[in-house]
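Peer 1: One predicted model, sequence on top.
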Amino acid sequence: MGRYLVRRALFGIFSLFAATILVFGISRLTGDPLNLYVQEGGGYGLTPEQRKNITEYLGLDKPLLVQYFLWIGKAVRGDLGETLLDREDVLPIMTQKMGATAQLALAAWLFAILTGVPLGILSAARRGSLIDYVARGTALLGQALPQFWIGIMAVYLFAVKLGWLPATGRGFSDQSFWEEVKHFILPTVTLGWLGSATYVRLTRSAMLEVMDSEFIKLARAKGVSQFAVIWKHAFRNSLIAPITYSSLFLAGFITGATVIELVFAWPGLGRLALTATVNNDFALLTGIVLFFAAAYVVFNFIADILYALVDPRIRYG
Amino acid sequence: MTATNEAIVTPVLQHDTPRSIADRMWHAFRTLPLIPAIILILLVVVGIFAPWIAPHDPLAQDLSKRSAPPVWYPQGSADHLLGADHVGRDVLSRVIHGARVSLVVAGISLATGIVVGTSLGLIAGYFGGLPDEVITRVVDVWFALPFILIALVAAIIFGASFGLVLTLLALLTWAPFVRFIRGDVLSLKERDYVALARVAGASHWRIMVRHLLPGTLNTMIVVATLRVGQLILTEATLSFIGAGIPAPRPAWGLMVAEARDYVATAWWGAAFPGLAIFLIVMSMNFLGDWLRDRFDPRLRQLHQGHS
């Protein structure tokens, strides 16, 4: 298991490295990044004199390889540069928004696992019953409906038409607990639906496979009750796929965060990334990309650990 | 030479239970998910003939028709069956033309993905060694990149455009092909007929193209079908966040984004393009699952998680 984990950790570091090269590469593909600010129409109207000064100040006159390592070296020490408009440090701005994103991710994950796994089990245990069709139907919707569309329609229905829930935002800090919960409901469900659908599918097919195995037949032959067969014997053995999926869900949350935070005006990192895009704020955007890439690598590594823990073939392989 | 090759290849391509072709086609048709198939045929027809089917010019604005409701509302008119959006463009016409955009985007990026992914998969699986090592590692890393955000970075640098969307989606879609085609080739190349071809003096190129490629066709079709829904969803998402197809081209994701602020007064502007996305993606998923179960149950892991 040690060797396996070392290999996976090295792989994670390597992926992160690749992501940085890619982002850096794209940023230099068009040649001088300052071109962005002297474009015809719009742009920031730099004179050649100012441009030369800025080129030297930012180190853009150095060779590419040197620039890359300077950038990485700073990033590792937490210096991700300054935002374009206000010349503020990027890192504090990001940490300010991380909490909101993390809370939403956690809520959506809890929603996904608490609805997806039980539905998947029931759907497998009572194959062909009403609950099976309900479970598979909601899974189908969750996988094929675009998340941004679910969000907009949910706002229209529950906030505009019915007025039950707030449309956007996270509310204010002095609100009651219930008020805070209300702000969470729509974004959580919108974001968690796809994950829930995946949990249903994974749990269902794993359960069906386990239920078909010899030891379940033996348990049945011994006269173990249906309830015990499902919850004691089959359930535990069908958890491998859903458990490993958990961290992939949180990793895959990146896409969701950007879209959901846009729809619900959620004050998190995804929305910050979109603002950065609108402002052409390159330092801020690359900072966020790096953070998400790192989060992705970490969650993938956790998935690898969990995988090894639940599957002895990997632990001892 | 050709005759010999065919004699060797044919038995391998046949299935375990010998049945007549008509018999197999009938069996396939009987279990074919009919509604998804019809929806997809409809998409292709509508996409190809969009200019002739659409009742209005998808870009023509008519401020007097601003936010006109669909036909079943009392104020609705048959002129705009699904209503008009916030600047008076016909929603139905835009949804129809949007089918064309989706079709072109998914088609081109998928074709690129198939060609690149299959070639690399063949090379990795057939040659093994260093090429395999390099290609497999690159694919692994590729899966770990935060794609949407990198698309945003690219949109800042190059500006959102049709060509950029095609490039980004092609970049997204080749990797799974490598993984699964490589797996196929690894087992196919151990078969006797490949060894025979080699003894007969066939070149690497000939073995890969004539003897290995046909054996990967099932996998290719299954992976491609399951990718299409994902591609259409991703294109819509990119367009929605402004890193995709630029206005005023009628792309479904973009239509939802534009109609978003007017949803309280004209929900139809956002609802129908979203429903179109849903129908296509659901149909593709259905068909993909069906193909997978028929051709290649081994790929079961493919469509269960994200991406």
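Peer 2: Happy to help now that I have it.

Peer 1: most centrally placed residue in the chain?
Peer 2: Assuming you mean chain A. Residue closest to the mean C-alpha point of chain A, counted by C-alpha atoms, centre = their mean, is A:F253 at 1.7 Å.

Peer 1: should've been chain B
Peer 2: Nearest residue to the geometric centre of chain B (C-alpha atoms, centre = their mean): B:V228, 2.1 Å.

Peer 1: For the stretch 1-150 of chain A, which segments count as helices?
Peer 2: Taking DSSP state H, counting those that start in this stretch, the helices of the stretch 1-150 of chain A run over residues A:2-29, A:48-58, A:64-76, A:90-125, A:130-144, A:147-154.

Peer 1: hmm, back to that, who's the closest spatial neighbour of the residue nearest to the centre of chain B, skipping the chain neighbours?
Peer 2: Sequence neighbours aside, B:M284 is the residue nearest to B:V228 in space, at 4.6 Å (criterion: C-beta to C-beta, 6 or more residues apart in numbering or on different chains). The C-beta positions use only the backbone N, C-alpha and C, and glycine is treated the same way.

Peer 1: roughly how far apart are that neighbour and B:G215?
Peer 2: 25 Å (C-beta to C-beta, to the nearest Å).

Peer 1: Wait, the residue nearest to B:V228 touches B:I232, no?
Peer 2: Yes - here B:M284 reaches B:I232: they are 7.4 Å apart, a contact under C-beta atoms under 8 Å.

Peer 1: name the element A:A228 belongs to?
Peer 2: If you go by DSSP states H and E, A:A228 is part of helix A:226-228.

Peer 1: For B:L63, give me its contacts.
Peer 2: B:V87, B:G88 (C-beta atoms under 8 Å, 6 or more residues apart in numbering or on different chains).

Peer 1: Quick one: name the residues of the stretch 51-200 of chain B near chain A.
Peer 2: B:137, B:140-141, B:144-150, B:152-158 (C-beta under 8 Å from any C-beta of the partner chain).

Peer 1: now these: which count as buried?
Peer 2: Neighbour counting by 16 or more other C-beta atoms under 10 Å in any protein chain shown classes B:141, B:144-150, B:152-157 among these as buried.

Peer 1: In chain B, what helix or strand scores lowest on average pLDDT?
Peer 2: helix B:2-13 (a mean of 44; mean pLDDT, DSSP states H and E).

Peer 1: Now do the helices in chain B.
Peer 2: B:2-13, B:21-31, B:34-48, B:50-53, B:91-127, B:129-143, B:147-158, B:162-188, B:192-199, B:204-206, B:217-240, B:252-259, B:268-295 (DSSP state H).

Peer 1: Most tightly packed of those helices?
Peer 2: helix B:252-259 (a mean of 26; mean count of other C-beta atoms under 10 Å in any protein chain shown).

Peer 1: can you tell me the residue of chain A closest to chain B?
Peer 2: Using C-beta to the nearest C-beta, the closest approach of chain A to chain B is made by A:W149 at 3.4 Å.

Peer 1: who touches that residue in this structure?
Peer 2: So A:W149 contacts B:V256, B:A270, B:G274, B:I277, B:F278 (C-beta under 8 Å, 6+ apart).

Peer 1: Identify, from these, the entry nearest to chain A.
Peer 2: For those, the nearest to chain A is B:G274 (3.4 Å; C-beta to the nearest C-beta).

Peer 1: so the closest one sits right up against A:L145, yeah?
Peer 2: Yes - using C-beta under 8 Å as the test, B:G274 is close enough to A:L145 to be in contact (7.5 Å).

Peer 1: Test my guess that B:V263 contacts A:F148.
Peer 2: No - if you go by C-beta under 8 Å, B:V263 and A:F148 don't touch, sitting 11.8 Å apart.

Peer 1: Between these two, which has more neighbouring residues?
Peer 2: Taking other C-beta atoms under 10 Å in any protein chain shown, B:V263 and A:F148 do not tie; A:F148 has more neighbours (28 against 22).

Peer 1: got a pLDDT number for the closest residue to B:N285 other than its chain neighbours?
Peer 2: Closest residue in space to B:N285, ignoring its immediate chain neighbours: B:G229 at 5.0 Å, by C-beta to C-beta, 6+ apart. Looking at B:G229, its pLDDT reads 85.

Peer 1: Which elements pack onto the one helix or strand A:V200 maps to?
Peer 2: Assessed by DSSP H and E, A:V200 sits inside helix A:177-211. Other elements packing on helix A:177-211 under the criterion 3 or more C-beta pairs under 8 Å, 6 or more residues apart in numbering or on different chains; DSSP states H and E are helix A:90-125, helix A:130-144, helix A:147-154, helix A:240-263.

Peer 1: Can you add mean pLDDT and give the ones you listed back as JSON lines?
Peer 2: Shown next, in JSON lines, are the helices and strands packed on helix A:177-211 (pLDDT from 0 to 100):
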{"stretch": "helix A:90-125", "mean pLDDT": "87"}
{"stretch": "helix A:130-144", "mean pLDDT": "86"}
{"stretch": "helix A:147-154", "mean pLDDT": "88"}
{"stretch": "helix A:240-263", "mean pLDDT": "76"}
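
Peer 1: and of these, who's closest to B:I35?
Peer 2: Ranking the helices and strands packed on helix A:177-211 by their distance to B:I35 (criterion: C-beta to C-beta) puts helix A:130-144 first, at 12.5 Å.

Peer 1: So for that closest one, what gets flagged as buried?
Peer 2: Taking 16+ other C-beta under 10 Å as the criterion, helix A:130-144 shows A:D132, A:A135, A:R136, A:T138, A:A139, A:L140, A:G142, A:Q143, A:A144 as buried.

Peer 1: And the helices of chain B, which one averages the lowest pLDDT?
Peer 2: helix B:2-13 (a mean of 44).

Peer 1: B:V87 is in contact with B:R66, isn't it?
Peer 2: Yes - using C-beta under 8 Å, B:V87 makes contact with B:R66 at a distance of 6.5 Å.

Peer 1: Can you tell me which of the helices of the stretch 1-150 of chain A is most buried?
Peer 2: Of all those, helix A:147-154 carries the top mean neighbour count, a mean of 23, counting by mean count of other C-beta under 10 Å.
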